[in-house]
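# Got a predicted model here, sequence first, then my questions.
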Amino acid sequence: MKKVISAIMMLTVLAGLQACTSSAIDTVKGGTLTLDSSLSVGQAFENYSYFKITSWDSYEDNRGRQIVEFKGVMDYGKFVGANYGGSILSPEIVTKAKKNMENMEMSVLAQFAVKGNRFLLIFSGINVGRVDENGKLHQKKIPDTRMETIEAVYRNEPLELVSIMLLNFCSK
């Protein structure tokens, strides 16, 4: 009987933790940012056509805050036809750049602090990760201090930094 009660208590705790996590993620996904209150965060991020994979996670940070983190992995192939500074990213340019970037992944990262039914964007930027020849992952977060990344996602336009990287890696 003790085992049954312990199992029920454990399941109740896990369900409660899951409910808190889902609730925080749902709060952010259903909320809006001041830059465009006509589109929810979830609509903007999940429908951005330049992502190949999106994910949401929730955790408590070292300051005891509930953090919701969004990650959207770039689909380089979707940048064909993008224009950066008068340079059009052709299929050849993107294919060559993708080959040169085969161990590199670029993603949009956004982190929100959630309290009750309110949230605040506390970080946005590009995360660049690559795996070296020894299989070790190296990552660099590039902050988006001027909100250009988030604005491009909301406008469903290609990210300037990714276009620059594709042009740069095409020439290697």
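Happy to help now that I have it.

# Who does the residue nearest the centre of the chain form a beta bridge with?
Nearest to the mean C-alpha position of the chain, by Cα atoms, centre = their mean, lies residue 71 at 2.1 Å. Note on residue 71: beta-bridge partners by DSSP bridges are residue 55, residue 109.

# and it, how far is that from residue 107?
Residue 71 is 5 Å from residue 107, where distance means Cβ to Cβ, to the nearest Å. For the C-beta atoms, the positions are set from N, CA and C on the backbone; glycine is no exception.

# got any residues that touch both of these two?
residue 127 (Cβ atoms under 8 Å, 6 or more residues apart in numbering).

# one step back: my read is that the residue nearest to the centre of the chain contacts residue 126, right?
No: at 10.9 Å, residue 71 does not count as touching residue 126 under the criterion of Cβ atoms under 8 Å.

# Overlap in contacts, these two.
Common neighbours of residue 71 and residue 126, counting by Cβ under 8 Å, 6+ apart, are 107-109.

# Generate CSV for those residues, with neighbour count as supplementary columns.
Below are those laid out as CSV (neighbours: other Cβ atoms under 10 Å):
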residue, neighbour count
107, 21
108, 26
109, 19
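
# Nearest to residue 83 among those residues?
Set against residue 83, the nearest of these by Cβ to Cβ is residue 108 (19.9 Å).

# what's downstream of the lengthiest strand in the chain, the next helix or strand?
Ordering each strand of the chain by length in residues (DSSP state E) puts strand 118-131 first. Heading C-terminal from strand 118-131, the first helix or strand you meet, by DSSP states H and E, is strand 137-143.

# Which neighbouring elements make contact with that following strand?
Applying 3 or more Cβ pairs under 8 Å, 6 or more residues apart in numbering; DSSP states H and E, one finds that strand 137-143 contacts strand 118-131.

# what's the angle between the longest strand of the chain and strand 137-143?
With axes from the mean of the first three to the mean of the last three Cα atoms, to 10 degrees defining the directions, strand 118-131 sits at 140 degrees from strand 137-143.
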